[in-house]
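Participant: what would the 3D arrangement of this be:
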Amino acid sequence: MHSQKKTFLSGARFPLHVAVANKDVDIVRTMVQLGVDRAAKNSKGQTAFLLATKLNKDGKMNAILEILK
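Facilitator: Numbering: from 1, shown residues only. A predicted model of the protein is given here:
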């Protein structure tokens, strides 16, 4: 949960970022409750909150953004 996964071109992804990208509110909530590092940045320099903000179209990420505040 706390470790990054290397991607094909030496990028970095974290499980929290994957849950955000998949819009999985329950997993994001659980990971935050378990103490995941919300400040971790992916290879694009984005925190999970910034990623959720970027993906927030028509308010579909509002629940995740509330959790990540």
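Participant: who touches the residue nearest the centre of the chain in this structure?
Facilitator: Centroid-nearest residue in the chain, with CA atoms, centre = their mean: H17, separated by 2.7 Å. H17 makes contact with 40, 42, 46, 48, 51 under the criterion CB atoms under 8 Å, 6 or more residues apart in numbering. C-beta here means a position set from N, CA and C on the backbone, and glycine is covered the same way.
Participant: do that again at 6 Å, thanks
Facilitator: 42, 48, 51 (CB atoms under 6 Å, 6 or more residues apart in numbering).
Participant: only the C-alpha atoms, please, for the strand or helix carrying it, written as PDB.
Facilitator: Using DSSP states H and E, H17 falls within helix 15-21. Only the C-alpha atoms of helix 15-21 are listed here, as PDB (Å, rounded to 0.1, in the frame of the first residue of the first chain):
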ATOM      1  CA  PRO A  15      -1.800   2.100  -5.100                       C
ATOM      2  CA  LEU A  16      -3.700   5.200  -4.000                       C
ATOM      3  CA  HIS A  17      -3.200   6.800  -7.400                       C
ATOM      4  CA  VAL A  18      -4.500   3.700  -9.100                       C
ATOM      5  CA  ALA A  19      -7.600   3.600  -6.800                       C
ATOM      6  CA  VAL A  20      -8.200   7.300  -7.600                       C
ATOM      7  CA  ALA A  21      -7.800   6.700 -11.400                       C
END
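Participant: please shift the residue numbers so they start at 28 in all later answers.
Facilitator: Sure thing, new numbering starts at 28, so read that last one as helix 42-48.
Participant: what comes up buried for it?
Facilitator: Under the neighbour-count criterion of 16 or more other CB atoms under 10 Å, helix 42-48 has 42-44, 46-47 buried.
Participant: do stretch 63-82 as well
Facilitator: 63, 65, 67-69, 73-79.
Participant: cool, and stretch 46-65?
Facilitator: Those would be 46-47, 52, 54-56, 58-59, 63, 65, for stretch 46-65 by 16+ other CB under 10 Å.
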